[in-house]
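Asker: how would this look folded up:
(2 chains)
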Amino acid sequence: MHSFRLEKTSPQTNARAGELLTPHGKVPTPVFLPVGSQGAVKTLTPQEVEDIGFKMLLSNTYHLYLRPGIDVIEKAGGLHNFMGWEGAILTDSGGYQVFSLSPLRKVSDDGVTFRSHIDGSQHHITPELAIQYQESLGADIIMVLDECPAHDDSPAKVKKATERTHKWAERCLKAQKRPDQALYAIVQGGMSAELRRESAQYLAALDFPGYAIGGLSIGEPKKTTLAMLEETVACLPEDKPRYLMGVGSPEDIVEAVARGVDIFDSALPTRVARNGALFSWEGRKNITNAAYKEMEPPIVADCGCYTCRNFSAAYLHHLFNCGELLAYRLATIHNLSFIAELVAKIRGAILDGTFSSFKDKFLAAYQPADEPTRLAQKQKWLKRRNLSQ
RNA sequence: GGAGGGGUGCCGGAGUGGUUAAUCGGAGCAGACUGUAAAUCUGCCGCCCUAAGGGCUACGCAGGUUCGAAUCCUGCCCCCUCCA
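Answerer: Model prediction:
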């Protein structure tokens, strides 16, 4: 029922085009999964997500476990049914929440004890429970429970987390009962090339149907991200899909495809959209900037998305300035459409052997955010969030 | 005509002798966000000098007191409320 078929590999890079077969349809790769943590891609209906061109999305066990509860969704006939999505679904195990909600948790070999960010109640999750929950939710692809160390954690801490992730992966494999779901392993290893290789090799030997690369793009410099990605991919089997978790931005997707990644997911395109940053082939554009106040053309002139076909940049600027809810929807539609188009172009270029030049042209035109500013602002945000608890 | 209250930076509104270029909102300007605790957060926001820093002009207007005033005094102008 599950399979991955490799169609073509790019000659000068490690980029690959392929196809995932899932119980809910075929998914061409490279592919980007929009994020619907709580069973909804924020601001959009499943019909709209489908119309943009997505065939698979990501949801989250941690969030659905807390609300509405796994049993509610199971009684509703599973997540597909509950949220009205007929395409494929990948559920994350909640491993990332163990990391990003770190002040509220405690990890042991047995599993994770954490406090709900909603009401403070205490919960315990083990690798076995993570699988059980995901089997109840019924996604097409499910993930092992992992421990994601912070990018600046000590080597000892990273090693411990990585080894624990390996043990947990084995337990997840043993706990799995449903044969119709593909269980993917998650490589960790922090920012150590050696640990990355070790982790990839260890998990590769367990013969999972797919491999995720975790613990990247969490605050480390871009160079490091790409270096770690290369180390990891080099130790993963050719014939299995590779999933770079939590990435990302248009430029990161292009770079990662060139290094052999097949699957992506990220909250970035939708979150950034809700805050007025829209993707274009020249880079991000902040629609709230005064320059757009009277701009008659759409945000991206030749964009075929619903937003650009029907509305001027000036109108979007206006909607954002007024805080109209439509602003968030139109911006989300645009950014997801942009990513869908980007990924389709990437795939097309791989198939006709022109990916390498496509990549160069894209990166030359696309102006990414300035890195020092990014990291400084992220630190401030995290500090503030931690203080506010 | 009488009594009282008030005039602060783009707006609202603190501040009643020095640490005030002036709290705080809003607006404005710019930036960030990567397995979503995010329709959130950050910075700038009188003028001039490239920055550290420095200079200039500022709290209705005009004078005055004082080492020093948005803050005290005098006069004038304007606004609001109540009484006639």
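Asker: from here on, contacts and neighbour counts on C-alpha atoms
Answerer: OK.
Asker: got the residues of the stretch 201-350 of chain A near RNA strand B?
Answerer: Counting by Cα under 7 Å from any atom of the strand, the residues of the stretch 201-350 of chain A close to RNA strand B are A:214-215, A:217-219, A:245-249, A:252, A:265-268, A:270-277, A:286, A:288-291, A:321, A:323, A:325.
Asker: Can I get the buried part of those as one PyMOL selection?
Answerer: Restricted to the buried members of these, where burial is judged by 16 or more other Cα atoms under 10 Å, the PyMOL selection command reads as follows:
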select buried, chain A and resi 214+215+217+218+219+245+246+247+248+249+252+265+266+267+268+270+271+272+273+274+275+276+277+286+288
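Asker: Give me the nearest residue to A:Leu173, chain neighbours excluded.
Answerer: Distances taken as Cα to Cα, 6 or more residues apart in numbering place A:Leu183 nearest to A:Leu173, at 7.5 Å, with adjacent residues excluded.
Asker: Can you name the residues that contact that neighbour?
Answerer: When contacts are counted by Cα atoms under 8 Å, 6 or more residues apart in numbering, A:Leu183 touches A:141-144, A:173, A:208-210.
Asker: run the last query once more with 6 Å
Answerer: For A:Leu183, the contacting residues are A:141-143, taking Cα atoms under 6 Å, 6 or more residues apart in numbering as the criterion.
Asker: Just want the phi and psi numbers for the closest residue to A:Val107 other than its chain neighbours.
Answerer: Taking Cα to Cα, 6+ apart as the measure, A:Val107 lies nearest to A:Thr113, with 6.3 Å between them; neighbours along the chain are not counted. Recorded main-chain torsions at A:Thr113 are phi -110, psi 130, according to degrees, to the nearest 10.
Asker: Specify the beta-bridge partners of A:Thr113.
Answerer: Following DSSP bridges, A:Thr113 is listed with bridge partners A:Lys106, A:His124.
Asker: Quick one: neighbours of it, just the number.
Answerer: 17 (other Cα atoms under 10 Å).
Asker: One more: the one 10 residues further on?
Answerer: Here the count is done by other Cα under 10 Å, and A:His123 has 12 residues near it.
Asker: repeat for A:Thr29
Answerer: The local packing of A:Thr29 (other Cα under 10 Å) involves 25 other residues.
Asker: Not counting sequence-adjacent ones, nearest residue to it?
Answerer: The spatially closest residue to A:Thr29, leaving aside those adjacent along the chain, is A:Gly18, at 4.9 Å (Cα to Cα, 6+ apart).
Asker: Beyond the host helix or strand of the one you found, next helix or strand please.
Answerer: With the criterion set as DSSP states H and E, the secondary-structure element containing A:Gly18 is strand A:16-22. On the C-terminal side of strand A:16-22, the nearest following helix or strand under DSSP H and E is strand A:25-29.
Asker: Quick one: name whatever helix or strand follows that next one.
Answerer: Per DSSP H and E, the first helix or strand lying C-terminal to strand A:25-29 is strand A:31-34.
Asker: could you check whether the helix or strand just after that following strand is close to RNA strand B?
Answerer: Proceeding N to C from strand A:31-34, the next assigned helix or strand is helix A:46-52, under DSSP H and E. No - Helix A:46-52 lies out of reach of RNA strand B by Cα under 7 Å from any atom of the strand, never closer than 11.7 Å.
Asker: Any buried residues in helix A:46-52, and which?
Answerer: Taking 16+ other Cα under 10 Å as the neighbour-count basis, helix A:46-52 is seen to contain the buried residues A:46, A:49, A:52.
Asker: Disregarding residues adjacent in the polypeptide, which is nearest to the last one?
Answerer: Once flanking residues are discounted, A:Ile52 sits nearest to A:Ser337: 5.7 Å by Cα to Cα, 6+ apart.
Asker: what residues are up against the residue nearest in space to the middle of chain A?
Answerer: Of all residues in chain A, the one closest to the mean position by Cα atoms, centre = their mean is A:Asp265, 2.0 Å from it. A:Asp265 is in contact with A:32-33, A:245-247, counting by Cα under 6 Å, 6+ apart.
Asker: Please report how far A:Met83 lies from A:Leu330.
Answerer: 21 Å (Cα to Cα, to the nearest Å).
Asker: what about these two, which has more around it?
Answerer: Here A:Met83 and A:Leu330 are set side by side on neighbour count (other Cα under 10 Å), and the busier one is A:Leu330, at 21 against 15.
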